[in-house]
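structure of the sequence below:
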Amino acid sequence: MNDKKLLFAKTLKNIRLKKGFSQEDISEISYININTISRMENGRDSYDFDKLDILSDIYKVDLIECYFNIFYEDANEIDFIINSINKKDRINGSLMTEEIDRLTEISKKSKRKIIKTKANKLILFLKSIEEKDNYIRKKLILEALNIGGEFDFDNLNNNYYDYIDYRILMNYAQTLERPTDRINVYKFIEKSNSTYNNIEYLVFHNMAADYYILGVKDKALEYINKSFSSNSKSHTSPVILYTKALILEDLGLSYEKYIKKSLEIAKNQGEYVYNTILEHWENRYNKNKQ
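Modelled structure (predicted):
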């Protein structure tokens, strides 16, 4: 069987299971024959976009987009760019020129609307990372989320999401003023069971940081540990290592190895991240000495 067809079939089944539906439930809601649903989830049926559209409405996931992501090369290239973004710390003000140029090229060359939409969303998202001003950053993120349709910020459950939307939504939360509002958005992403491109560990880290700001140290430690355990590579993130060092220090626990490792890795990743962490740590150290 075609590997891509099998992967898409597995994706359909996983989405249904994560949403808590049985095949019988979906058949009853969608009026799609249960045998058809079974064949779709086993990769033994051709994929009718009308049926995928019906299921998209039930799951609140754009399955047609998922289909194109798996079957077409330009979508895979966008996936590669997202993966590279998630693997390296991106502090506000970091330059994203290379990625933006590549996405602009993809948007111009692709003949498919869905790919153009995805690329243009990411371009705005990456420009928001480059921006230090919170007002402009938020404006760019809102524009990105509204591409393809009006995004409902009052009720997040009313929107379609793919992994790009969840990633952008995570950064939208960072523009909110109150830590409790940010945590509510992170909890929504956590409950969505969105593990595409491994953003779960980033969400857990952000929750830990906000609980730390609120002074809820036990929750901060719980979520920073979740960040580590949900991604075996999370220890390579200097920002996550630094956050863990802060939490452990405040709890009176051993933290030295985390700050040391954080600075070592940051130095290898780039001067901007290294200098930001070092300056923050030195300011904290000097303040504690006073």
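
quick check: Ser128 touching Leu140?
Yes - using Cβ atoms under 8 Å, Ser128 makes contact with Leu140 at a distance of 3.9 Å. Using the backbone N, CA and C atoms, a C-beta is placed for each residue, glycine as well.

between those two, which is the more surrounded one?
Ser128 (24 against 21; other Cβ atoms under 10 Å).

residues contacting that one?
Residues counted as contacts of Ser128 (Cβ atoms under 8 Å, 6 or more residues apart in numbering) are 136-138, 140-141, 144, 171.

I'd like the residues you listed laid out as TSV, including secondary structure.
Shown next, in TSV, are the contacts of Ser128 (DSSP: H, G, I helix; E, B strand; the rest coil):
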residue	secondary structure
Ile136	helix
Arg137	helix
Lys138	helix
Leu140	helix
Ile141	helix
Ala144	helix
Asn171	helix
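
I'd like to know which of those are buried.
By neighbour count, with 16 or more other Cβ atoms under 10 Å, the contacts of Ser128 hold 137-138, 140-141, 144, 171 as buried.

tell me which of those is nearest to Lys267?
Closest approach between the buried ones among the contacts of Ser128 and Lys267, by Cβ to Cβ: Asn171, at 25.2 Å.

ok, the closest one to Glu271 distance?
Computed as Cβ to Cβ, to the nearest Å, the Asn171 to Glu271 distance reads 23 Å.

can you check Ile106 too?
29 Å.

neighbour-wise, which of those two wins?
Between Ile106 and Glu271, counting by other Cβ under 10 Å, Ile106 is the more crowded of the two (21 against 9).

and that one, what pLDDT?
At Ile106, the model reports a pLDDT of 85.

can you list the buried residues in whichever strand or helix holds it?
Assigned by DSSP states H and E, Ile106 falls within helix 97-109. For helix 97-109, the neighbour count (16+ other Cβ under 10 Å) marks 99-100, 102-103, 106-107 as buried.

save those as TSV, and put in distance to Thr11 too.
Listed next are the buried residues of helix 97-109 as TSV, based on distance: Cβ to Cβ, whole Å:
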residue	distance to Thr11
Glu99	25
Ile100	28
Arg102	25
Leu103	24
Ile106	22
Ser107	25
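
pick the one among those closest to Ser46.
For the buried residues of helix 97-109, the nearest to Ser46 is Ile106 (27.7 Å; Cβ to Cβ).

which one is that closest one nearest to, not counting chain neighbours?
Distances taken as Cβ to Cβ, 6 or more residues apart in numbering place Ala119 nearest to Ile106, at 4.8 Å, with adjacent residues excluded.

got it, and Tyr160?
Using Cβ to Cβ, 6+ apart, the nearest residue to Tyr160 is Asp62, at 4.8 Å.

try Thr117
Gly148 (5.0 Å).

now the one you found. Its backbone dihedrals?
phi 90, psi 0 (degrees, to the nearest 10).

next: Lys19.
Main-chain torsions, Lys19, degrees, to the nearest 10: phi -80, psi -10.

doesn't Ser56 make contact with it?
No - checked against Cβ under 8 Å, the pair Lys19 and Ser56 is beyond contact range at 11.7 Å.

higher neighbour count, those two?
Counting neighbours by other Cβ under 10 Å for Lys19 and for Ser56 shows that Ser56 has the greater number, 18 against 15.

what stretches of the stretch 51-200 of the chain score poorly on pLDDT?
Applying pLDDT under 70 to the stretch 51-200 of the chain flags residues 72-76, 87-91, 193-198.

how about a cut-off of 50?
Scanning the stretch 51-200 of the chain for pLDDT under 50 picks out no residues.

endpoints of stretch 126-137, how far apart?
10 Å (Cα to Cα, to the nearest Å).

and Leu12, how many neighbours does it have?
As a burial measure, Leu12 scores 24 neighbours (other Cβ under 10 Å).

next up, phi/psi of the closest residue to it other than its chain neighbours, please.
Of all residues not flanking Leu12 in the chain, Glu41 sits nearest, at 5.1 Å (Cβ to Cβ, 6+ apart). Dihedral pair for Glu41: phi -80, psi -10, per degrees, to the nearest 10.

does the residue nearest to Thr117 really touch Ala119, like I thought?
No - contact between Gly148 and Ala119 fails when scored by Cβ under 8 Å: they sit 11.9 Å apart.

okay, the two: which has more neighbours?
For Gly148 versus Ala119, the count of surrounding residues by other Cβ under 10 Å is larger for Ala119: 25 against 17.

pull the CA atoms of the helix or strand harbouring Ile277 into CSV?
Using DSSP H and E, Ile277 falls within helix 271-289. The C-alpha coordinates for helix 271-289 follow below in CSV (Å, rounded to 0.1, in the frame of the first residue of the first chain):
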residue,chain,number,x,y,z
GLU,A,271,25.2,35.5,20.1
TYR,A,272,21.7,37.0,20.5
VAL,A,273,20.3,34.2,22.6
TYR,A,274,23.5,33.9,24.6
ASN,A,275,23.7,37.6,25.4
THR,A,276,20.0,37.8,26.3
ILE,A,277,20.2,34.9,28.8
LEU,A,278,23.6,36.1,30.2
GLU,A,279,22.3,39.6,30.8
HIS,A,280,19.1,38.4,32.5
TRP,A,281,21.1,36.1,34.7
GLU,A,282,23.7,38.7,35.7
ASN,A,283,20.9,41.2,36.5
ARG,A,284,19.2,38.6,38.7
TYR,A,285,22.5,37.7,40.4
ASN,A,286,23.4,41.3,41.1
LYS,A,287,19.9,42.0,42.4
ASN,A,288,20.0,39.1,44.8
LYS,A,289,23.4,40.3,46.1
